[in-house]
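Student: Got a sequence here, can you model it:
(one chain, ligands or ions: 1)
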Amino acid sequence: MTLQKLAVSLALLAALLFATPLAAMDPAWTRPFPPFRIAGNLYYVGSADLASYLVVTPQGDILINSSLESSVPLIRNSVRTLGFRFRDIKILLISHGHYDHCAGSALVKQLTGARYFVMDADVPVVESGGRDDFHYAADKSMWFPPTHVDRVLHDGDQVRLGGTVLVAHLTAGHTKGTTTWTMDETEAGRTLHAVIVGSPNVNPGYKLVGNTRYPRIAEDYAHQFQVLKSLPCDVFLGAHGGYFGLQQKYARWKAGDRNAFIDPQGYRSYIDDREQAFAAELKQQSDARRAGSHPQPPAPPPL
Ligand SMILES: [Zn+2]
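Tutor: Below you'll find the model as predicted:
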């Protein structure tokens, strides 16, 4: 074993042994999942719920989402199982700067030398290891290794490698720089629009009204839904497998249905559902604030 291979093995072992975040985790986050080709040069290399994607090009590969530190050995195994080389990853992207999508980024960079591209508004979170997060800054269980960003992305920027183009859409709210990635895939002579949703979810405890650390949060969510509704989508994907029914669709894929992930209707339904959840939460918080500032007279006693 060469010294370099020994160093890689030790880094991966350390990731498995020591990188256990304190936050309660869904067991599906760390459950291995079979890697497979989704469409064109786009492959699934994530776990049963934490979605990671590999885009394979003649000039090297792109990885979307490093996930947890302990995910990195799983992702590496998936890449190898597909017949690709982990060290061919040249560019690392993320869905957003929460530890379940980016805690493994420092290790991926260390193992592959990949350059890390992150949306402008998530750069402070990523480079501070979560200590700059508008909501979770004080929660150490959400921290992760601070990671240097090599290229700062802006809304609409393209990431190009080996003839493949990915577009970064700012879909903020869940984090200030949540990014939805789109790319076109050619499958059986047909162009398919793939959308990897960054996260449209309002986490428990998020303050949508009067948020001093993120005053624009409600406007950003509203803008996100406008953007998501405007994107053409054939292949519906996202940062978590749960967004798009990974496990159910994979079962169909495995049974021979190569169109299992083509789901424009499922995409629209999901976005509508998440928009309604956001609107309901915003209304509840707005009503509560109004009631707080103008107390309602006590209800009359029942007659
Ligand atoms: Zn998140």
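
Student: what are the ranges of the strands in the stretch 101-250 of the chain?
Tutor: All strands of the stretch 101-250 of the chain, identified by DSSP state E, counting those that start in this stretch, fall at 115-119, 151-153, 158-161, 164-170, 179-187, 190-197, 235-238.

Student: For the shortest one, enumerate the helices and strands it packs against.
Tutor: In this structure, strand 151-153 makes packing contacts with strand 115-119, judged by 3 or more C-beta pairs under 8 Å, 6 or more residues apart in numbering; DSSP states H and E. Glycine gets a C-beta too; all of them are placed from N, C-alpha and C.

Student: What lies in contact with the strand it packs on?
Tutor: The contact list for strand 115-119 (C-beta atoms under 8 Å, 6 or more residues apart in numbering) reads 90-94, 97, 105, 109, 126, 147-155, 159, 168, 170, 177-179.

Student: pLDDT of that strand, averaged?
Tutor: Strand 115-119 shows a mean pLDDT of 98.

Student: Quickly run through the sheet partners of that strand, with directions.
Tutor: Using DSSP bridges, strand 115-119 pairs in its sheet with strand 89-93 (parallel), strand 151-153 (parallel).

Student: Now stretch 242-257: buried residues?
Tutor: Buried positions in stretch 242-257, judged by neighbour count with 16 or more other C-beta atoms under 10 Å: 243-246, 249-250, 253.

Student: just how off-centre is it within its chain?
Tutor: 19 Å (C-alpha atoms, centre = their mean, to the nearest Å).

Student: next one: stretch 273-284
Tutor: 21 Å.

Student: go on, stretch 73-90?
Tutor: The answer for stretch 73-90 is 19 Å, by C-alpha atoms, centre = their mean.

Student: Where is the longest helix in the protein?
Tutor: Secondary structure of the chain read by DSSP state H shows that its longest helix is helix 264-293.

Student: what angle do it and strand 190-197 make?
Tutor: Interaxial angle, helix 264-293 versus strand 190-197 (axes from the mean of the first three to the mean of the last three C-alpha atoms, to 10 degrees): 20 degrees.

Student: from here on, count from 49
Tutor: Let's use 49 as the start, then, which means that last one is helix 312-341.

Student: Check which helices and strands helix 312-341 sits against.
Tutor: On a contact count with 3+ C-beta pairs under 8 Å, 6+ apart, helix 312-341 meets strand 238-245, helix 265-278, strand 283-286, helix 289-292.

Student: out of the strands of the stretch 149-298 of the chain, deepest packed?
Tutor: With neighbours defined as mean count of other C-beta atoms under 10 Å, the strands of the stretch 149-298 of the chain peak in mean count at strand 283-286, which reaches a mean of 24.

Student: Could I get the CA-only coordinates of that one as CSV?
Tutor: Only the C-alpha atoms of strand 283-286 are listed here, as CSV (Å, rounded to 0.1, in the frame of the first residue of the first chain):
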residue,chain,number,x,y,z
VAL,A,283,-36.7,14.3,-14.4
PHE,A,284,-37.7,15.3,-10.9
LEU,A,285,-34.9,15.0,-8.3
GLY,A,286,-33.9,16.8,-5.0
